[in-house]
Every structure is written in structure tokens, then in C-alpha cells.
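J.: With the sequence up front, the predicted model follows.
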There are 2 protein chains.
Amino acid sequence: MNKQELISNIQRKQSFLCVGLDPDIDKMPAHLQEAEDGIFLFNKAIIDATAPYCVAYKPNLAFYECHGLKGWQAFEKTVAYIQENYPDQFIIADAKRGDIGNTSAMYARGLFGDSNVDAITVAPYMGEDSVKPFLVYPNKWVILLALTSNKGSHDFQLTEDTAGERLFERVLRVSQKWGNDENMMYVVGATQGSLFADIRKVAPEHFLLVPGVGAQGGSLADVCQYGMTKDCGLLVNSSRGIIHADTTERFAEVAEEKARELQAEMALELQKYTK
Amino acid sequence: MNKQELISNIQRKQSFLCVGLDPDIDKMPAHLQEAEDGIFLFNKAIIDATAPYCVAYKPNLAFYECHGLKGWQAFEKTVAYIQENYPDQFIIADAKRGDIGNTSAMYARGLFGDSNVDAITVAPYMGEDSVKPFLVYPNKWVILLALTSNKGSHDFQLTEDTAGERLFERVLRVSQKWGNDENMMYVVGATQGSLFADIRKVAPEHFLLVPGVGAQGGSLADVCQYGMTKDCGLLVNSSRGIIHADTTERFAEVAEEKARELQAEMALELQKYTK
């Protein structure tokens, strides 16, 4: 999916919601915990319930890999189900991969070539040749970690260098030599509040993938005030706050409510800040 | 495996060689490219040929994930084969994972809990809570990226902060509050030469996992001169230089020769520097 298509979807649906498909088996209703294909069936129910209110889905690979073969199969089925039934949804493989060039190329081949997702999250620590192999696929995106939502983001990402630049700013600046706002986004945690203004000084046009609203405590209003562009420029993710808001058989119904509530808030923010 | 067992294996075998199991199908002999179980059969032949000369195996997950379900199955069979037949081998899942706490916990559960490898490589960018979930498993190891072997290592890892500390040094120093030399190692590329001396100033006792000898051009002599401790303190990895040194049906025989040559060089280095 290209940038203009994503912007059109956001305008049409009045939503920039990304639903994180991070199924935790212990929080799934009993009949799905026991089902052979339980993870996929859980995801399918969540997707059917939330698709009208979101523009993107983000399965985090950790929640599939931890179940070995069975988990990997559930991931592939989930991606295929979205592609077949909701082709206007942007699919992000939240993988946080990154390795030397020939190895990153293998990750890219698996996720872009075979699974055919739209975007992959990538860790920047290993630099240019670890990121570039993901950038050679047309209409596919790298979403590079910049300033994450967790407490540990303070350990290295905020460290200021001798030129007065913090590491996350250096990542934003240097990586713009590798890609552009048509094939690269950045992860910026919703918990970072007014730091979004600093992000926008370095990356005024790029889409930001924003986790941390909901379970992690970030504020949607702050994110929009400091981070929204005239084209929106945001994909705000909620995972646990939607998919595990209810752990009974009503989970899909409650997920729909939570997604609809977020979409309504987002529509107001879009009216405030976009053209 | 604990640190003393690893040191004993190194002394007994006079080797600190780690063989990287990164099978590239295009470089496998034709009969294995076509076989249903080709990747596993390739690995099995490599393992049987090289086990006397090495103390560790390091499958890089990218080379398995890129084949989807089939690849994941080959990874699990490979790990199980080593554990059953060569229980003195240290197994490293080269995954370069790292995410927010609850997500890193899922990665740890999959690789330590189910696959039961000895160590996982982890990326430091997201800080403490992204690394700690890997450190709660007894006798298991985190191998944290510090100074990698690739050109992109210069983009961020060498950036000096306002206190005169480079990012890789900050990673080494700060991470020693999370773990110790009994459950944490660091990745330092063989291509970094005399920078190993700077690493040893901050991490004098930790084992270092050293990729980049062979195909990437690093020097074993330099690594040992600047990086070896009295207990060795090094696991030097070679992947392509061993497993794909020959692409015909003789691949295992040639892999054995290459591993034996490296082991002989390593024995000399051990005699030079260890107690």
C-alpha cells in the first residue's frame, strides 16, 4: 500500500487506529484456549468485529513464535485472512528485526516476499546495511524504532551526543538518507507526550506508528496535539486495550465497542488538525 | 550451560569455535535443495562433520523464518538434533530480538522454554525492560549486541555522548546493572580489531561472541590479541566460511577441513594467552 492510499483510507474511515493482534492465550475464552486453531479463530473474530473502525492490523511476531510451528501457522493464516477479506487494511509485522545485510535480506524475503505484509518494524542499532534490504520492495515500508513507549527507552534513546543531538534524533536524521516518507515510518511511543514536537522538527512528513495508548497509559490527545500533520501522519496502535478488554465469550463484542470508541475520538482529532 | 562448563569445553577441545548454521538454499548441493527436509539434512551433515572442532552452534533465525513453516520446523529439528547427539555444544539462537517487557517475555518463553537453546542474541536499543525478561532463566544467556561487525555499526554504535562515552561502551556499562558475566555475553565483530581493547576496559570478564571472521574479513589473531582473557572469554563464529565453503556434494567434508583448520589456529592462540 502506498502513502496516498493509506491517507485516503484514514480520511474515508475517519480513523487512524491500528489494532495490535497480540493474542495472549491465557486471556482468551476457554473454548478458544482449547481449540486446535484457537489463536487464528480468536484473531478472526477480533478482525471481523473491528475492521470498520481501524485502518491497520499489527500482529507482533513474539506472540506467535512463542507457540512454535502452531503459532507460525496462526500468523500466516491471520495475514492471509485480512488480505482476502479486508484488502484495504495496512498490515504491519511487528518483528523489530535487523541484522547484517545478507541476513536482513532473508527476513525481508520471508515477510515481504512470502507473507506479503505491508510493513515491518526494524531496530536501528546495526545501522544502514541492516535496514536497506527491507527498502527494496515497492510499496512496502520499514517502520524504524525511534523513541519507544517503554521505560527502557530512557537507557539509550535519550542520550545526547557531543553535537547536542539525542540518539532518537540521530536515528531520525541519519535514516532519512536511506529512505523517505513514502517507504519509511518511525515508531514513537504515545507515552512520550510533548517529545512528539521534537520528532516533528526532524521528521515533519513521516507517518509515525504510535504504540502505548491504553494499557501503557499514553494520551491520544497529546499525541495528536504534538504529532499530527495535515495528512494525519499517525497510526495509533492499541493491542491489549481492545483485544483483551474482555476475557469471556463476549470478547469480540467488547473489542468492537473499544475500537468504535477510539475511532470516535480519532474522528474528532482529525477534524481538529487535518485539512 | 553455565560459564564454568563452557570454559571446560573450550579447554578440553582446544577450540572456541562457534559454527553459524545459516543455510542458504542456493548454496546447498542440488539433491538437498530438492529434498523435503533439505535444510535439516544439510545442517545434520554439517554438525556431524564439525562437532569435534567446535564448542557452539549458532543458527540465525532469519535463514529459517524466510521459509515459513518449513523453515521453522527445520530450526526446531536442528536444535533437537544437537541436544540429543552433542549435549556439550552451546546453542545460540541468533535472533536479535528485543521488545517491551511483556513481548520480550514471549520471545524468551519460545526460545528458552520450548526450544531450550542456551543463549539468545538481543538488541539493546529498547533498554532494560526489553532485556530483563530473557535473564530470568537459570543457566541461560543473553548475548547483547554491543559493537557489530558490519559497516552500519558506525552509524550509531560509535557515537560519543556528552560524557565522552561511545554508545557501545554505554551499552556495555549500563547493561552490567541488569546481568553479569554468568548470564550475559556481548556481540563484538571481528572486524573491529583494536577496539577489542576498549571493550575489555569496560567488560573484562564477559564472554564475547565474535562474528565476522571469514566472509566478513576479520582477523582471528587481532581478536585474540586484544580480546582474549585468561579463561579465553571468546566464542568466534564462522558461518559461510565453513558451511558454504564448498557447494557440491563434498560440502560436509570441506566444512570439516575448514573447522579443523580454525580449531588448530585457535589451539595456538589459547596456548599463547590463557593460563
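T.: Ah, there it is. Quick caveat: nothing in here was measured; it's all calculated off a predicted structure. Numbering: from 1, shown residues only, chains lettered A, B, ... in the order given.
J.: State the distance from the residue located most distally from the centre of chain A to residue B:71.
T.: In chain A, the residue that sits farthest from the middle, by Cα atoms, centre = their mean, is residue A:162; the gap is 32.1 Å. Applying Cβ to Cβ, to the nearest Å, one obtains 44 Å for the distance of residue A:162 from residue B:71. In this view, the C-beta of every residue, glycine as well, is placed from N, C-alpha and C.
J.: tell me the phi and psi of the residue of the stretch 1-150 of chain A with the smallest separation from chain B?
T.: Chain B sits closest to residue A:127 of the stretch 1-150 of chain A, with a gap of 2.4 Å, by Cβ to the nearest Cβ. Dihedral pair for residue A:127: phi 80, psi -170, per degrees, to the nearest 10.
J.: give me every residue that touches it.
T.: By Cβ atoms under 8 Å, 6 or more residues apart in numbering or on different chains, the contact set of residue A:127 is B:150-157.
J.: closest to chain A among these?
T.: Distances from chain A to the contacts of residue A:127, taken by Cβ to the nearest Cβ, are shortest for residue B:152, at 2.4 Å.
J.: Could I get the contacting residues of the closest one?
T.: Contacts of residue B:152 (Cβ under 8 Å, 6+ apart): A:126-131.
J.: which residues of the stretch 151-275 of chain A fall in helices?
T.: A:153-156, A:167-175, A:195-202, A:220-227, A:240-243, A:251-273 (DSSP state H, counting those that start in this stretch).
J.: sorry, back to before: now, of the contacts of residue A:127, which are buried?
T.: Buried members of the contacts of residue A:127, scored by 16 or more other Cβ atoms under 10 Å in any protein chain shown, are B:150-153, B:155-157.
J.: Can you give me the pLDDT of the residue nearest to residue A:263 when sequence neighbours are not counted?
T.: Nearest residue to residue A:263, sequence neighbours excluded (Cβ to Cβ, 6 or more residues apart in numbering or on different chains): residue A:53, at 4.0 Å. What the model reports as pLDDT for residue A:53 is 98.
J.: Neighbours of residue A:53, how many?
T.: 23 (other Cβ atoms under 10 Å in any protein chain shown).
J.: show me where the stretch 101-250 of chain A has strands.
T.: A:119-122, A:141-147, A:184-188, A:208-210, A:234-238 (DSSP state E, counting those that start in this stretch).
J.: okay if I get the contacts of residue B:152 as TSV plus pLDDT?
T.: What follows is the contacts of residue B:152, written out as TSV (pLDDT from 0 to 100):
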residue	pLDDT
A:126	97
A:127	97
A:128	97
A:129	96
A:130	97
A:131	97
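J.: correct me, but the residue farthest from the centre of chain A touches residue B:165?
T.: No: using Cβ atoms under 8 Å, residue A:162 is not in contact with residue B:165, being 10.5 Å away.
J.: so residue A:119 sits right up against residue A:141, yeah?
T.: Yes: judged on Cβ under 8 Å, residue A:119 makes contact with residue A:141 at a distance of 3.8 Å.
J.: Low-confidence regions, chain A specifically.
T.: Within chain A, no range satisfies pLDDT under 70.
J.: try 90
T.: A:68-69, A:113-115, A:192-194, A:212-218, A:274-275 (pLDDT under 90).
J.: Look up the closest residue to residue A:195, ignoring the ones flanking it.
T.: Using Cβ to Cβ, 6+ apart and skipping the chain neighbours, the partner closest in space to residue A:195 is residue A:147 (6.3 Å).
J.: Could you do residue A:109 as well?
T.: Using Cβ to Cβ, 6+ apart, the closest residue to residue A:109 is residue B:66 (4.9 Å).
J.: what about the one you found, how many residues close to it?
T.: Taking other Cβ under 10 Å as the neighbour definition, residue B:66 ends up with a count of 20.
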